[in-house]
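1. fold the following, please.
(3 chains)
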Amino acid sequence: MDAATAPVPVISNSPRSASPASIALGKLRKDKRALGSALVLVLLGLAVFLGPGFLQDYEKQILDAQLAPPSLAHWMGTDHLGRDVFARVLKGGQLSLAIGLLGTLISVLIGTLYGCVSGFFNEKLDLAMMRIVDILYSLPYMFLVIILIFQFGKNIYVLFVALGLVQWLTVARIVRGQVLALKKEEFILAARALGVGSFRIILRHVIPNVMGVVIVYATLTVPSVILQEAFLSFLGLNVSNCTWGVLIAEGKDYMDTAWWMLVAPGVTLTVCLLCMNFLGDSLRDALDPTSKIN
Amino acid sequence: MTWNSGYLKRIGVRLALNVFTLVIIITVSFAIMKAAPGKPFETERDPSPQVLEELHRKYDFTYGQYLKGILLHGDFRYSYSHRNSTVLEIIGEALPVSMELGCYALLLAIFAGLTWGLLSAFYRGRWFESFIMALAMIGIAVPNFVLGSLLQLLFSLRLRVTPVAGWTGFDSKLLPVVTLSLTYIAYITRIARGSFLENLNKDYIRTARAKGLPEIRILWKHLLRNSILPVINYLAPATASILTGTLVVEKIFNIPGMGRYFIESVFQRDFPLALGVIIVYSIFLLFLNLLADILQTFVDPRIRMQ
Amino acid sequence: MSFSACAILTFLLLLQGCQKSAGKGPKPLAIANSAEPASLDLHAVTGQPEIRIIGALFEGLVIRGLTDPKVRPGAARSWDISPDSRTYTFHLRPNYWSDGVKLTSRDFVRSWRRFIDPATASEYSALLKIIRNGNPIREKKLPPDSLGVSAPDDSTFIVQLNHPVAYFLDLCAFEPFAPVPLDTIAKYGERWTLPGHLVGNGPFVLKGWKHNVEIVLEKNSRYWDSTHVQQATVIIKPVEDQMTAYNMFMNREVDWIFNVPPSKLEAAKSMPQFFTRPMFGTYYYIVNCKNPGYDSRELRKALSYAIDREQIVKRVMKGIPTPAHGFVPPTPLYPGVSMELFNPAKAKEYLAKAGYVSGKQPPNLQILYNNADVHRDIAQVVQRMWKENLGLDAELVNYEWKVYLDNTKNLNYRSIARASWIGDFPDPISFLELYTSDNGNNRTGYRNPEYDKLVQATFTIADPALRLAKLQEAETMLMGDLPVFPIYYYSLMEMRSPKLRDAVPNPLGMYTWKDIHLAP
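-> Residues are numbered from 1 along each chain as shown, chains lettered A, B, ... in the order given. Sure, this is the predicted structure:
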């Protein structure tokens, strides 16, 4: 739930062997759990982004059908205002997934760049930049997010930025660690000896080599960003009235009278997060040359 | 590693650095908060300009005054939203409750997390491991406001075995602690499992196996000590975040802790209270990080303090 | 794991056995209050959770009637009103503070001076502007001791008003008008409201206060009518989460809650513990009349006619409150207005009149509301009604409370915003005054000199019937201009133990503590 507490993947590889990507892919192909998860995620993504077009209007309120249980007309029942829960779960997925993916993308971009710069150049810069990260870590992150939302209003872009800005700290730490290790590797030293510019080395050699770690971390960040959106919805700081977080927060109040309002979005979210976590774990295993497939 | 003067000196430097960090945190928080829209004394019934003026005269403070008050006198000022109490009194009442809640939850999380991590490593590759890991992921995926409400409904309203709310007897503390710890149990289980699995292939374990020691003893005696580092690393930020994370649990179970003030003070624009809780939180986090680093050097002497 | 789950379950079942049985002696009355009180200084608070407790600790000159809309004697035994209705002379009964010191009319004089003193910064002090010199004192042009109140002897308290005020006695029953113990305040400063320090003259005294846990009140043996007070102890627990409060009530941890969460209304309303009465408040939408498009009365009428209040009340509020047919909630003796609530045909007609034909949209149609489930649900329903009845697409914008206040106050909202008002005293003026041009609470930008004149005129009319007629005229004008769209009148929606006795709200939904008690 918390940027500061998200587990930092323990990665002990230095992926510079001939073709780490192909080895990883080979491992992934044999991993049934990862394939299954990827399949579920693709299907979910298709349903979420294409589905609402085929279903009834997710905002249509049917007065006679408030809190109707699941039926053929409403696969997942209706909510307290008589709206189709299935349509809302799919529609809500659009924003939740978008927030998760874009929030992660922003954090990964900033974090990778920051981590590279911090780790690659001299020690004093590194110390200063990491101190900044430490300070930002010490601020209660929710406080930051809330103030940002107050300041710039409630729109999804603010949320992307707010959540991304908090998440990048961990990425920066991980990347910096990797870069510190990479810096002493022969191929970097060789590139330096050949007089290749620092930024070129970062772009050409460092970033491609930390990408694996970053991707793994990203698959673990997406769920945590989605959950943070849910937490904000619980606090009433939702950016839209139809995201998984809002649906769950609404459904929570009806759990004993209309269980489908909680179960429908809750199970969808859980399945989605499970698959992302499985995929992340498998990716981590696949990218780790010392690991065997279990 | 020994307790030589160099080591103590390094700790001293870290402490000094932490004070510096704290000042920066106060500065940043102060600036952000002043920039936030909305005014502390604005209410639904429009106060007259004279009243507002008086309130500002009474309660406003500048950055310089605040910093001086904090550093020289430890004066956290009066709260805006609880006008008869100082921030220090409010935190003084709420912090012990949050600490108690957090400690129980953390202890439960460490105990359950390590046990489950160990079990899943012990039963690696079998269905039981998948079962534990799936549970752990559900623990991560279920927001704790859902879990708390669910437990309340089940145990308080249906079974009627625990009170709905409060922080008095043992029975009232059970549900909040379980609710709070679940996410952390899940994380620790995962981290511990990863670390255990990594160490299982190491030579010393093979040696122990070769000696014919019973498996559970190997896990307990050799593996645990050598694999605990990532868990310790995780605990420092977790401990601090469990303090703020109590917010949801405090709301659902109506517990008089500090978590609520993290959000409430910002919502109310109660600047002194918000700054107060941020300072307390930061001190905790900085201190715990230092502690984690020291602990690390104990567990693994190869690691040096930076 | 399953083993440990079983173990926990067994353990819990064991727990049930050892749940403490209730202690002996009369049972305390446990109440869930909606928030931790910000203060118990009656001159420093405005919120309902605070006023509720203050009402138990302090008593004004008069108190609210039990069923009768008229007030009954409180600290004052009787009172005379001068023929011009501008001078009120109160005769105090022998009264004592809870520390045994005699309470005199001097205490009232000093208290009201403190109340209006700008240095006290009481947000309610605007209510005192009706007293002689009230306004100049608020504006710091005169010292507080020039207020038109006096105490010729220990038991006589005289108030001089600027003009006849029909609701003055009701105002005297309002909690901030009670006396405060100035000697105690002088002694303890900011900390006078702590248990042990606080001295009151109400039916209860403050016994304990643990922040965010509970406030304990005990019967005040020095209260003048203490034989009448049957409840020995009251425990007030601040519970912010409505669902938690409801669950606590269902689990019998409290005897009385003041809110039912919207998701539970349907289930709750058929329970015997459910209690509802009308309240003196209105839930409504305000329009930013300064913004282009919304300065048109036709457009406002179109939007208002397209809101089906009956449906909102039925769908969101489960049919409990009354749909609003005017801005002022039903008031004893006041006839009120009865506007047409919902008429899609007229709505379309007015929309066309305003110039929005063949799908043309008014600029920036938005509903701004602050975070709360009810506000969100109502906004969504209204959004849908405008869509279905007028083909208009409204955007929903929600803000957190302080930003919402800031934006509405500075007219920094595009078109429509949610609002609500609860009157402090039972008179239509407490509502109608809001939309005069210069009122600080007029967050619509509505300026109508004729309306101002009408409202102003009511201040000088001594004849009650004539005055109410004039007020009705003003309300009719307001409802013709529609800077506000009333939606429904608030109702009390409480859950209370069947043992709760004599907790009768007055017609405005306010309670008087001395009567309330729990049957054994």
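2. tell me how far the closest residue to residue C:66 other than its chain neighbours lies from residue C:57.
-> Distance criterion C-beta to C-beta, 6 or more residues apart in numbering or on different chains; nearest residue to residue C:66, sequence neighbours excluded, is residue C:504 at 5.3 Å. Any C-beta I mention is one placed from the backbone N, CA and C, and that applies to glycine too. Residue C:504 is 20 Å from residue C:57, where distance means C-beta to C-beta, to the nearest Å.
3. can you give me the helices in the stretch 1-150 of chain A?
-> Counting by DSSP state H, counting those that start in this stretch, the segments of the stretch 1-150 of chain A that form helices are A:20-30, A:32-54, A:85-120, A:123-138, A:141-152.
4. pLDDT on the strand or helix carrying residue A:157, on average?
-> Using DSSP states H and E, residue A:157 sits in helix A:156-183. Helix A:156-183 shows a mean pLDDT of 81.
5. cool, and stretch C:324-338?
-> On average, stretch C:324-338 scores 91.
6. now the end-to-end length of it.
-> Terminal residues of stretch C:324-338 are spaced 9 Å apart (C-alpha to C-alpha, to the nearest Å).
7. pick out the residue nearest the middle of chain A.
-> Centrality entry for chain A: nearest residue to the mean C-alpha point is residue A:222, 1.1 Å, by C-alpha atoms, centre = their mean.
8. distance check, that one against residue A:44.
-> Taken as C-beta to C-beta, the span from residue A:222 to residue A:44 is 12 Å.
9. where does the residue in the stretch 151-300 of chain B that chain A sits nearest to sit: helix, strand or coil?
-> Minimum separation of the stretch 151-300 of chain B from chain A (C-beta to the nearest C-beta) falls at residue B:237, amounting to 3.8 Å. The three-state assignment at residue B:237 reads helix, by DSSP: H, G, I helix; E, B strand; the rest coil.
10. was I right about it contacting residue B:285?
-> Yes: between residue B:237 and residue B:285 there is a contact under C-beta atoms under 8 Å: 7.2 Å.
11. which parts of the stretch 201-350 of chain C are strands?
-> In the stretch 201-350 of chain C, the segments counted as strands under DSSP state E, counting those that start in this stretch are C:204-210, C:214-219, C:233-238, C:256-257, C:274-287, C:322-323.
12. which of those strands is buried the deepest?
-> Greatest average neighbour count among the strands of the stretch 201-350 of chain C goes to strand C:256-257 (a mean of 25), per mean count of other C-beta atoms under 10 Å in any protein chain shown.
13. which strands and helices sit next to that one?
-> Judged by 3 or more C-beta pairs under 8 Å, 6 or more residues apart in numbering or on different chains; DSSP states H and E, the packing partners of strand C:256-257 are strand C:29-33, helix C:242-250, strand C:484-496.
14. now render the ones you listed as TSV, adding mean pLDDT, distance to chain B and mean neighbour count.
-> Below are these laid out as TSV (pLDDT from 0 to 100; distance: least, C-beta to the nearest C-beta, whole Å; neighbours: other C-beta atoms under 10 Å in any protein chain shown):
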stretch	mean pLDDT	distance to chain B	mean neighbour count
strand C:29-33	95	9	24
helix C:242-250	94	4	24
strand C:484-496	95	13	23
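15. any idea of the mean pLDDT for the helix or strand harbouring residue A:214?
-> Counting by DSSP H and E, the element that carries residue A:214 is helix A:207-234. Averaged over helix A:207-234, pLDDT sits at 82.
16. helix or strand next in line after it, which one?
-> helix A:244-252.
17. distance from the chain centre to that next one, please.
-> 19 Å (C-alpha atoms, centre = their mean, to the nearest Å).
18. how about it and chain B, touching?
-> Yes: against chain B, helix A:244-252 shows contacts by C-beta under 8 Å from any C-beta of the partner chain at A:248-249, A:252.
19. ok, back up a step: out of residue C:504 and residue C:57, which sits in the more crowded spot?
-> Taking other C-beta atoms under 10 Å in any protein chain shown, residue C:504 and residue C:57 do not tie; residue C:57 has more neighbours (25 against 14).
20. could you measure from the more buried one over to residue C:215?
-> 10 Å.
21. and residue B:162, by the same measure?
-> Taking C-beta to C-beta as the measure, residue B:162 falls 24 Å from residue C:215.
22. just residue C:334 next, same as before
-> Per C-beta to C-beta, residue C:334 is found 36 Å from residue C:215.
23. low-confidence stretches in the stretch 1-150 of chain B?
-> B:1-4 (pLDDT under 70).
24. in it, which residue sits nearest chain A?
-> For the stretch 1-150 of chain B, C-beta to the nearest C-beta, closest residue to chain A: residue B:141, 4.1 Å.
25. ok, now which ones touch that residue?
-> Neighbouring residues of residue B:141 by C-beta atoms under 8 Å, 6 or more residues apart in numbering or on different chains: A:223, A:227, A:269-270, A:273-274.
26. near chain B too, which of those?
-> Okay, of the contacts of residue B:141 touching chain B (C-beta under 8 Å from any C-beta), that's A:223, A:227, A:269-270, A:273-274.
27. what residues does the stretch 151-300 of chain C put near chain B?
-> So the stretch 151-300 of chain C meets chain B at C:190-191, C:193-194, C:210-213, C:237, C:239-241, C:243-244, C:247-248, C:250-251, C:253 (C-beta under 8 Å from any C-beta).
28. mind listing what residue A:199 touches?
-> Counted by C-beta under 8 Å, 6+ apart, residue A:199 has zero contacts.
29. so what pLDDT did it get?
-> Looking at residue A:199, the pLDDT reads 81.
30. and it, what helix or strand is that in?
-> helix A:198-201.
31. give me the buried positions along that helix.
-> residue A:201 (16 or more other C-beta atoms under 10 Å in any protein chain shown).
32. output it as PDB, nothing but the C-alphas.
-> In PDB, the C-alpha atoms belonging to helix A:198-201 read as follows (Å, rounded to 0.1, in the frame of the first residue of the first chain):
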ATOM      1  CA  SER A 198      29.100   9.900 -20.300                       C
ATOM      2  CA  PHE A 199      25.500  10.500 -21.500                       C
ATOM      3  CA  ARG A 200      26.100   8.200 -24.400                       C
ATOM      4  CA  ILE A 201      27.300   5.500 -22.100                       C
END
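33. any idea how far it is from the chain center?
-> Distance, stretch centre to chain centre, for helix A:198-201: 29 Å (C-alpha atoms, centre = their mean).
34. now swap in stretch B:261-276 and tell me
-> For stretch B:261-276, the distance to the chain centre is 18 Å (C-alpha atoms, centre = their mean).
35. what residue in chain A comes nearest to chain C?
-> Taking C-beta to the nearest C-beta, chain A has residue A:236 as its residue nearest chain C, at 3.3 Å.
36. quick one, grab the pLDDT at residue A:1.
-> On the pLDDT scale, residue A:1 is placed at 38.
37. ok, now residue B:169?
-> For residue B:169, the model assigns a pLDDT of 85.
38. pull the number of nearby residues for it.
-> By other C-beta under 10 Å, neighbour count at residue B:169 equals 14.
39. for it, grab phi and psi.
-> phi -90, psi 180 (degrees, to the nearest 10).
40. report the separation between it and residue B:162.
-> According to C-beta to C-beta, residue B:169 and residue B:162 sit 9 Å apart.
41. my guess is residue C:418 meets residue C:368, correct?
-> Yes: counting by C-beta under 8 Å, residue C:418 touches residue C:368, with 6.9 Å between them.
42. what about the two, which has more around it?
-> residue C:368 (26 against 23).
43. can I take it that that one is in a strand?
-> Yes: the assignment for residue C:368 is a strand, going by three-state DSSP.
44. looking at the sheet around it, what are its partners?
-> For residue C:368, the beta-bridge partners are residue C:397, residue C:417 (DSSP bridges).
45. now do the contacts for residue C:213.
-> B:166-167, B:256, C:237-238.
46. next, it: phi, psi?
-> phi -110, psi -60.
47. get me the contact residues on chain C for chain A.
-> Going by C-beta under 8 Å from any C-beta, the residues of chain C near chain A are C:243, C:261-264, C:266-267, C:311, C:315-316, C:371-373, C:376-377, C:380-381, C:384, C:396-400, C:402-403.
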